[in-house]
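> 3D, please:
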Amino acid sequence: MNVTQNVVKDLLPVYLSGEASSDTQELVEEFMRRDPEIAIAVESQKREFESQRDLLEAAGGPSADHELRTLTQTRSLMERQKWSMAIALMLTGFPLSFVFGDGHLIFMIARDEPLLAAASWLGAAVVWIQYAASRRRLRKAGL
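Numbers count the residues shown, from 1 in each chain. The predicted structure is shown next:
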């Protein structure tokens, strides 16, 4: 097989990134020994590639435990969402607590303590808003 300069140029990105197989590395290095023009071009690209790698490392890619932290945060958000719904349902229904007396339904708090009922519904509104925000955040993340 006749390896041309174009073939070697196509292999350079893989070679320079260090992802090339040993056979490919040998092929490129052998071609560089035979063709000084390619050797100069490869050295130039190597310097450029190294400067770009330094920039990428300085930018700070994801850490090794990035996936674990993301999973932990997602679980925490889902747990909060679950508790928000439970508390919101409780606060919404609490003022509607009732008993049967004398053959009819008597709403305890809404009748006897209207301010407590209003406070409960206000608290429920706040928790429902928190629930909706966490639900939206999870949906936005595709969960």
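> what strand or helix carries residue 15?
helix 5-17 (DSSP states H and E).
> before we move on, what about residue 69?
helix 66-93.
> so what does that helix touch, helix or strand wise?
Applying 3 or more CB pairs under 8 Å, 6 or more residues apart in numbering; DSSP states H and E, one finds that helix 66-93 makes contact with helix 114-140. Glycine gets a C-beta too; all of them are placed from N, C-alpha and C.
> buried residues of the helix it packs on, list them for me.
Neighbour-count burial for helix 114-140, counted by 16 or more other CB atoms under 10 Å, picks out 117, 120-121, 123-124, 127-128, 130-131, 134-135.
> show me which residues of stretch 26-37 are buried.
Counting neighbours by 16+ other CB under 10 Å, one finds that the buried residues in stretch 26-37 are 27-28, 31-32.
> would you turn those into CSV with secondary structure, pLDDT and distance to residue 50?
Shown next, in CSV, are the buried residues of stretch 26-37 (DSSP: H, G, I helix; E, B strand; the rest coil; pLDDT from 0 to 100; distance: CB to CB, whole Å):
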residue, secondary structure, pLDDT, distance to residue 50
27, helix, 86, 22
28, helix, 84, 17
31, helix, 84, 21
32, helix, 85, 17
